[in-house]
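Peer 1: Here's my sequence, what's the structure:
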Amino acid sequence: QVQLVESGGGLVQAGGSLRLSCAASGSIFSINAMDWYRQAPGKQRELVATITSGGSTNYKDSVKGRFAISRDNAKNTVYLQMNSLKPEDTAVYYCHAFAGPTRHYWGQGTQVTVSS
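Peer 2: From the prediction side, this is the model:
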């Protein structure tokens, strides 16, 4: 089992920045990749950024150049640095860990609200 706890959400004006954190505990050795997803009201959950165990990263097109995913292995924590935030970035952001085809773990989510 893997437990994920997100933090760092909040209210920010357009153009501002936030950094989300996701602290992992439990069977973290089994994690192959970690992601950040988001879900806006009335919309489907979408993948925002991924970082693999090898350190490779991938981003949704609309956040490239503005968001950066990183990790601190010593702290078992993954971060999402979000810059130049836009109102359309408003959503609940979820941390996700992939540990195998049938082993997906989710955090509780953290709200990000960007005002115009």
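Peer 1: Go ahead and flag the most central residue of the chain.
Peer 2: residue 36 (2.6 Å; CA atoms, centre = their mean).
Peer 1: What residues does residue 80 make contact with?
Peer 2: When the contact criterion is CB atoms under 8 Å, 6 or more residues apart in numbering, the partners of residue 80 are 19, 20, 22, 36, 48, 49, 67, 68, 69, 93. For the C-beta atoms, the positions are set from N, CA and C on the backbone; glycine is no exception.
Peer 1: surely the second one meets residue 9?
Peer 2: The one in question is residue 20. Yes - using CB atoms under 8 Å, residue 20 is in contact with residue 9, at 6.4 Å.
Peer 1: so what's in contact with those two at the same time?
Peer 2: By CB under 8 Å, 6+ apart, the residues touching both residue 20 and residue 9 are 93, 110, 112.
Peer 1: ok, the last one to residue 10 distance?
Peer 2: For residue 112, the distance to residue 10 (CB to CB, to the nearest Å) stands at 7 Å.
Peer 1: that older thread, look at residue 20 and residue 9 and report which has more neighbours.
Peer 2: residue 20 (25 against 19; other CB atoms under 10 Å).
Peer 1: Are we agreed that that one is in a strand?
Peer 2: Yes - according to DSSP: H, G, I helix; E, B strand; the rest coil, residue 20 belongs to a strand.
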